[in-house]
Every structure is written in structure tokens, then in C-alpha cells.
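Chemist: here is my input, please return the structure:
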Amino acid sequence: MSRLPSVLFHSDLPQAELHAAKLDGELYRVDQCFSPIDEIESRLLRARALFLTIPPRLIVEQRSAAWVYGAAGLPTRHQFCADITARVRPATLVALSVREVVIDDEDLEHIAGLAVTTPVRTVVDLARNSLTFDDEELAVIGSLMRIDRFGLEECRAVLDRRRNLPHKTLAVERIREAARRIESVRRPREGLSPR
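Modeler: Take a look at the predicted model:
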């Protein structure tokens, strides 16, 4: 018997069969797709699931990119962008948001055939564009910074590549706060003696 693919979509098996296998404990959900229970959820699996379900030329960004990297839970509405020079007409999909951006190749990672903004570009975009910025956003940014091991200076370099970038100062303040929180967790508590 041949092995099932690591990510299954309705093009692989009928929806009813996929849901029945999930109910039987043989599969688990990965966004709109499914994976066999012996597959460990990873950025590769999450990227493959998105790759199978979105139109070509879309780039995964912000909370969706954070989800792919494992720094956030599955967003209620996926966030994608398209290079301003690309001719993209996204299909009518539920829970999908697309914006046009100026983006360089160095701002992209390709995972399982899917274009995803790099962790540092994702942090910059989240810090610039999040309407509500609370502990949850700070935690996502902090997770991305820890996963890819970068700090405020790398984020500033991305911000400084563009002139007249809206919300640049606000983004720096937000990223600085996330970096401060990471440092406070790393630093051992002073005054505590080992037992």
C-alpha cells in the first residue's frame, strides 16, 4: 500500500472521506487541508497546506506568515500580499485579505513552493500595520524574533530601505518593546539564590 501525501486536500480525496478519516482519528486539520496523524506539524506542512489552497503569486504575510513559522495560532482571516508589479486577481475565497506591496526578493522565503515574508519582514509588517497592538501581538513578534534570532537592528535595516514609510516610528517603538520583553525573560532574576 502506498503512503498518503503529508498534506491532503479535496483534490486528493473527497471531502466526506477526509472528514470521516479525521473523525476516525487518522487525520488532523492543517488549515483547509488534512495530514496523517503520524506527520509532525511543521512550517513545511503549514506552508504546503496554504500552497494547495491559494492562488499563485500571492505571498503569505503578517499573522499568516507567523502561523507558518509556528509563532502564532491559525488566524481567523489569512493575510496575503502581492508585489505591486504582479498581476494578481485573487479568487473569491472566504477569510482572505490581500494587499499590494513593494517587496524585494530578500524579504521572501520559499517554503514548500510557497512565498512567505521572512520573519524579520513579518515582524516589521505586523509592527507597522496591526490596528490593535496588545500582549498577543507582542508575543507573536517576540516569538518570531526568537525563532529566527534577530533583534531591533535587523528590523530597522528593513524599515530604512524605504523612504517615507508610514508608521515607521510606531513600528520601532513596538519592536523595541518586544525586544525588551525578550531580554527580561532571558535575564536571570537578580537576588534569587539557587537552592
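
Chemist: which residues of the chain score low on pLDDT?
Modeler: Where the chain drops to pLDDT under 70, the residues are 1-2, 87-95, 186-195.

Chemist: got a list of what the most centrally placed residue in the chain touches?
Modeler: With distances taken as CA atoms, centre = their mean, the residue of the chain nearest its centroid is residue 65 (1.5 Å). Contacts here follow CB atoms under 8 Å, 6 or more residues apart in numbering; on that basis residue 65 touches 79, 116, 117, 119, 122. The C-beta positions use only the backbone N, C-alpha and C, and glycine is treated the same way.

Chemist: which parts of this protein are strands?
Modeler: For the chain, strands defined by DSSP state E occupy the ranges 27-30, 33-36, 59-60, 78-83, 96-101, 108-111, 114-117.

Chemist: ok, the residue nearest to the centre of the chain to residue 24 distance?
Modeler: 32 Å (CB to CB, to the nearest Å).

Chemist: would you mark the buried spots in the longest helix belonging to the chain?
Modeler: If each helix of the chain is counted by residues according to DSSP state H, the longest one is helix 168-186. Across helix 168-186, burial judged by 16 or more other CB atoms under 10 Å covers 168, 171, 172, 174, 175, 177, 178, 179, 181, 182.

Chemist: turn the residues you listed into TSV, columns for distance to residue 42.
Modeler: Shown next, in TSV, are these (distance: CB to CB, whole Å):
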residue	distance to residue 42
168	33
171	29
172	32
174	28
175	26
177	29
178	24
179	26
181	26
182	23
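
Chemist: neighbours of the residue nearest to residue 113 when sequence neighbours are not counted, how many?
Modeler: Take residue 113 and drop its neighbours on the chain: the residue closest to it by CB to CB, 6 or more residues apart in numbering is residue 51, 5.1 Å away. By the criterion of other CB atoms under 10 Å, residue 51 has 20 neighbours.

Chemist: I'd assumed residue 116 was in contact with residue 51.
Modeler: No: assessed by CB atoms under 8 Å, residue 51 is found out of contact with residue 116, at 9.9 Å.

Chemist: hey, where'd the helices end up in the protein?
Modeler: Using DSSP H, helices in the chain cover 15-23, 43-53, 62-69, 119-129, 135-148, 152-160, 168-186.

Chemist: okay, now residue 154: neighbour count?
Modeler: With other CB under 10 Å as criterion, residue 154 counts 18.

Chemist: that one touches residue 120, doesn't it?
Modeler: Yes: Residue 154 is within contact range of residue 120, at 5.1 Å (criterion: CB under 8 Å).

Chemist: what is the burial count for the nearest residue to residue 67 once chain neighbours are set aside?
Modeler: Spatial nearest neighbour of residue 67, excluding adjacent residues (CB to CB, 6+ apart): residue 74 at 5.6 Å. By other CB under 10 Å, 13 other residues sit near residue 74.
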